[in-house]
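>>> Dropping the sequence and predicted coords here.
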Amino acid sequence: METYTELKNELLQLGQRLSALFTKIRSIPGLHDHAFEGWEKNCQRIRDHLSEETLRVAVVGAIKSGKSTFANSLFKGDHLKRGAGVVTSIVTKIRKGDALSANLCFKSWDEVNADMEQALVLFPSLDWREEEGRFDIRRDAERVALQQALDALGSDLLITNDTRNLNSVLLSSYLKGYDRVREMLSSETMSCQYDGDAFPKHRDFAGDDALAVYLRDIRLDIPSESIGSDIEIADCQGSDSPNPLHLAMIQDYLLSTHLIIYVISGRTGLRQADIRFLSVIRKMGIIGNILFVVNFDFNEHESTDDLTALVEKIRAEISLIKPEPRIYTLSALFNLFRSQKEHLSRKDALRLGQWEAEHALSSLSDKETDRFQSYFRQKLAEERYSLLLKNHLERLGVIASGMGHRIRLHTDMLTRDDSETSEFINKIKYNQDKVNQISAMIKNTLDGVVRRMQQSLRGEIDSFFGSRTDGILGDTISFIRNYNVPYHAYEENLNTSGFANTLYLVFQEFRQATDTFMAETINPEIIRFARDTEGKLRERIGTAKGPYDVMISDALAEYDKVMETFGISPPEGMHYHAELPDVEQVKRSAGLTLPPAVASMHYSTQIKTEAVMRLGFYRVTRMFRRLFSKPVENDKEGEVLALRNGVARMKRETEKSLIFHFKDYRENIKFQYVFKLADALGEALYEILLDQFQGYATDLSQMAKQIGEKRTDTRETSEILSELAAVSSEISEGIRALGVRLDS
């Protein structure tokens, strides 16, 4: 089976040969006009689309499932840091390159400080701050004071829901890594590149939370014979990362992928975190684009029977979410070790030798690896052959056919006398005027179709986001209002840690729950809605295309009859019904991306101020009760009431923040994404329809003038035209042959 890359390169070569003809055509007086300019631009667009086209493959799964090892095995080298930290949200992107190279993109100082300010909301005490206004990590005094404040926090404030508190980890990581990265950051986004022997230095950043926290992105270029230059493999953060915002960032990357490889640990099997993440992927509407790899460790299984039993259990569990899952069982570390056998350490070489001696397990891994590789290549090829290459090939075919037709017209006119030429030009001009009228009408009516689509989708978008009582906004507000705080469980914290520290702890748990709800429930619904809306747009534009096709066919049939009356055979290959390009291609050409569905939670520090003020009020009330001998049911009654008030304030602030966020996001997705996508799809359809007219809407008067005034050397021009016709014919034949191979 020919690979996507081979067929794409052949298509590019045909396009380059076609483009080269334009230079020669310019040397013939009267031949080159606006039609050729349009064709030349289209050839350039096709080259750009093909050159920029990247097949994206996301490697996902839970922490410690072997994702990085699996990605390394695909590139046959230990390039990615294995067992990297879990604090960062980095998606490491890997592509084929000429040499080893790592490009690290750092956050700006404003982004770093904004992260830290959010982590400091409701921090137990701000007495350590000497400066007023926004926090700035570049101030020595603030870094020292914050470190002291973190050191003073009790263990109960450093643990949230049985894991390290995300905000304290974030703050500590920023402080710890500051001295090592401060020279690499600026007010703008900065990059650092490690090439050749320096390439391994990127692992220091990917594997150390104190450094990785400063990164926005990592891209690796790795020489490879097994991965094509148009494929990007992304090693994603663990789906069970304690930070729900990491999950949202993975979701954003998954939107641009053509294939998802889900890695499951053969040691633990399918975990609860896997079930939750797979449910999220299903909600996003992309579960059909996934395959599974059970990554086993030789040391964990006594026999293939033991391993097979585990895989069948995994299959049964996955089938509840993804019917008939495609599963491959292999050892990524075994494959990685074998690919670099000559460079292994003594310890790893011994491990490899031991595994190779276990013939049943190693044979199973080899067989499944071959099966995976075969499907992997086939899947990527099938995804793109019909959607991309065939569409571009048809457009090149139209250009080649139109160019050949124009060359034949010019050749024919060289042999006619003035009267014949005049009659011929008059009939062509009549046809040209008609074609121009049809083109203008198509443009106007198509613009109307797009505007009506936008108006219809406006209501659908507003309804989806809804009000405070319905839509996803209503669902989110209901979650916030119904969030339950077990106040009695915090009485011990009030005794041991005090009110401010307890309020901070409650806030962290509430924020974690809200962000998790957004990442696991709301964001997937937004993504599914966006994908459904894209589908509706393409379907409605495609429906509008039908009548235009009929109109164009009638006009071109009339033109063909004119050609036949003059003994000229009509052009072949220009009567075609090209499909609309896929939405991803249109989005990429228009520079459109779905706005990130991560709700930035900006909670007001007024939450704490009001809660502490209420605490003072309750303490004064309790004092008066004692003076007048009224019973106080609980020594901590005032603190608990103040805590309740603080939580109520938190919820109100969160609700206000999310209402603003959803309103802003709704307008963003409406005007900056959906409406612009509708315009781009309309323009793409117009270009496709216009392609068929380029060879017909031509003015031959300039060509006739050159010939009539004897400003053209007839013999020399005939020779050049004959040469151009032969090359054009070869290109057309090459396009037809490539089309047959694509169809097969």
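Structure's in. What do you need? Remember, predicted model here, so these are calculated numbers, not experimental data.
>>> all strands for the chain, in order.
55-61, 92-96, 101-106, 159-160, 163-164, 190-195, 215-222, 231-235, 259-265, 290-295, 327-330 (DSSP state E).
>>> Counting by contacts, list what the last one packs against.
Judged by 3 or more C-beta pairs under 8 Å, 6 or more residues apart in numbering; DSSP states H and E, the packing partners of strand 327-330 are strand 290-295, helix 304-319, helix 359-384. C-beta coordinates here come from the backbone N, C-alpha and C atoms, glycine included.
>>> Next, the angle helix 359-384 makes with the second one.
By that I understand helix 304-319. Interaxial angle, helix 304-319 versus helix 359-384 (axes from the mean of the first three to the mean of the last three C-alpha atoms, to 10 degrees): 30 degrees.
>>> Give me the average confidence score over helix 304-319.
Helix 304-319 comes out with an average pLDDT of 95.
>>> again with the shortest one
Confidence for strand 290-295, expressed as mean pLDDT, is 97.
>>> Return the set of buried residues in it.
By neighbour count on 16 or more other C-beta atoms under 10 Å, the buried set for strand 290-295 is 290-295.
>>> Same list, the strands of the chain, but as JSON lines with distance to S345 please.
JSON lines is the format used below for those (distance: least, C-beta to C-beta, whole Å):
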{"stretch": "strand 55-61", "distance to S345": "25"}
{"stretch": "strand 92-96", "distance to S345": "23"}
{"stretch": "strand 101-106", "distance to S345": "22"}
{"stretch": "strand 159-160", "distance to S345": "37"}
{"stretch": "strand 163-164", "distance to S345": "33"}
{"stretch": "strand 190-195", "distance to S345": "23"}
{"stretch": "strand 215-222", "distance to S345": "21"}
{"stretch": "strand 231-235", "distance to S345": "23"}
{"stretch": "strand 259-265", "distance to S345": "24"}
{"stretch": "strand 290-295", "distance to S345": "21"}
{"stretch": "strand 327-330", "distance to S345": "22"}
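>>> what is the rounded mean pLDDT of stretch 54-72?
91.
>>> Any buried residues in that stretch, and which?
Applying 16+ other C-beta under 10 Å to stretch 54-72 flags 54-63, 65-72 as buried.
>>> quick one: contacts for the residue nearest in space to the middle of the chain?
What sits nearest the mean C-alpha location of the chain, by C-alpha atoms, centre = their mean, is S256, with 2.9 Å. S256 sits next to 56, 584 when contact means C-beta atoms under 8 Å, 6 or more residues apart in numbering.
>>> care to break the protein down by domain?
Split into domains by automatic domain parsing, the chain comes to 109-215, 416-712.
>>> How far does the last one sit from its chain's centre?
Using C-alpha atoms, centre = their mean, to the nearest Å, the distance from the centre of domain 416-712 to the centre of the chain it belongs to is 14 Å.
>>> Stretch 58-72 too?
When distances are taken as C-alpha atoms, centre = their mean, stretch 58-72 is centred 18 Å away from the chain's centroid.
>>> In the stretch 1-150 of the chain, where is pLDDT below threshold?
Low-confidence segments of the stretch 1-150 of the chain (pLDDT under 70): 1-2, 29-35, 83-89, 125-128, 130-131.
>>> now the helices: where do they sit in it?
Under the criterion DSSP state H, counting those that start in this stretch, the stretch 1-150 of the chain contains helices at 4-25, 34-52, 67-74, 109-119, 140-152.
>>> how far does the fourth one sit from the chain's center?
Once both centres are worked out by C-alpha atoms, centre = their mean, helix 109-119 turns out to sit 25 Å from its chain's centre.
>>> in it, what counts as buried?
109, 112-116, 119.
>>> would you list those in CSV and tack on distance to K96?
Listed next are these as CSV, based on distance: C-beta to C-beta, whole Å:
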residue, distance to K96
W109, 34
V112, 33
N113, 37
A114, 36
D115, 33
M116, 38
A119, 38
